[in-house]
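Enquirer: coords please:
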Amino acid sequence: MTLAHDVTGTGPTVLLLHSTVCDRRMWDPQLPALVEAGHHVVRCDFRGYGETPMPTGPYNNAQDVAELLDTLGVARVALVAASGGGQVALEFAARWPRRVTALALLNTALAGHEPSAALRAFGEQEESLLESGDVAGATELNVRTWLGPHADDATRERVRQMQRHAFEVQLAGDDVAPIRVDTDPSAITAPCLLVSGAHDLPDFRQIAADLANRLTNARHVELDWAGHLPSLERPEALNPLLVGFLREKVPAA
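Expert: Predicted coordinates:
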């Protein structure tokens, strides 16, 4: 099964991996800037998000990404990823380090992270709402939690639509747990930009700071204006940071 995806632009390949609050549409504000900067941009939907159906058997997100790149004939790639997509990017970069030219991770999740009380409380509230059938309530909880103060009404509605769609697809499908592959971030060799937001839950700044110390070539930038989804909240501020990092770190075609 090939992940739903789209491809545009020419030049070194950049793969965009979405947050698990969203789908590949979350990168709409970045697409023109990356193409204009001279990149071949691929973005995909993980299983159960956007246009990719739920799995019917064992699967692994990083393996899905590898197979998508193989299908597209892409040998090496820069990864730009958000939140849960960042966890997939970290696994991919640790399993296939020679395939990754650069990593830009926005408020990334991390396998094995012990959640804070605030993150646990969010998860418990979301689970309770979904178990009671209140999909709308669970959707609003995510919109409130994951968008910072600079997100306007249109952005909130965009996230609302993506999250609601993901819940509907996932609740209608089989509950298939992904295959877990233990990896060591120290295997990652690509330069890494770690971005966190001052208005996000504290877990994600902690993860970024930890990874900045563990990876051999990493830089942590905290945005004082950002929540969990800075690429949607203020793309005009986030895009130059991404483009500048990729221009510096990604080899020209």
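Enquirer: can you pull the buried residues of the helix or strand harbouring residue 208?
Expert: Assessed by DSSP states H and E, residue 208 sits inside helix 202-214. Going by neighbour count (16 or more other Cβ atoms under 10 Å), the buried part of helix 202-214 is 203, 204, 205, 207, 208, 211, 212. No exception for glycine: its C-beta is placed from N, CA and C like everyone else's.
Enquirer: report all helices and strands that that helix contacts.
Expert: In terms of contacts (3 or more Cβ pairs under 8 Å, 6 or more residues apart in numbering; DSSP states H and E), helix 202-214 is packed against helix 117-131, strand 192-197, strand 218-223.
Enquirer: my read: residue 71 touches residue 1, true?
Expert: No - counting by Cβ atoms under 8 Å, residue 71 stays clear of residue 1, with 10.8 Å between them.
Enquirer: what inclination does the helix holding residue 208 have with respect to strand 218-223?
Expert: Comparing the axes of helix 202-214 and strand 218-223 via axes from the mean of the first three to the mean of the last three Cα atoms, to 10 degrees yields an angle of 150 degrees.
Enquirer: so what touches helix 202-214?
Expert: Contact with helix 202-214 is made by 83, 90, 105, 107-110, 113, 115-116, 118-119, 185-186, 192, 194-198, 218-220, 222, 228, as judged by Cβ atoms under 8 Å, 6 or more residues apart in numbering.
Enquirer: buried ones in stretch 120-127?
Expert: Buried, per 16+ other Cβ under 10 Å, within stretch 120-127: 122, 126.
Enquirer: please apply the same query to stretch 139-159.
Expert: Going by neighbour count (16+ other Cβ under 10 Å), the buried part of stretch 139-159 is 139-143, 145-148, 150-151, 155-156, 158-159.
Enquirer: now residue 236: how far from residue 243?
Expert: Counting by Cβ to Cβ, to the nearest Å, the gap from residue 236 to residue 243 is 12 Å.
Enquirer: and the end-to-end length of stretch 109-127?
Expert: End-to-end span of stretch 109-127 (Cα to Cα, to the nearest Å): 19 Å.
Enquirer: try stretch 227-234
Expert: One end of stretch 227-234 to the other measures 10 Å (Cα to Cα).
Enquirer: how far out from the middle of the chain is that stretch?
Expert: 12 Å (Cα atoms, centre = their mean, to the nearest Å).
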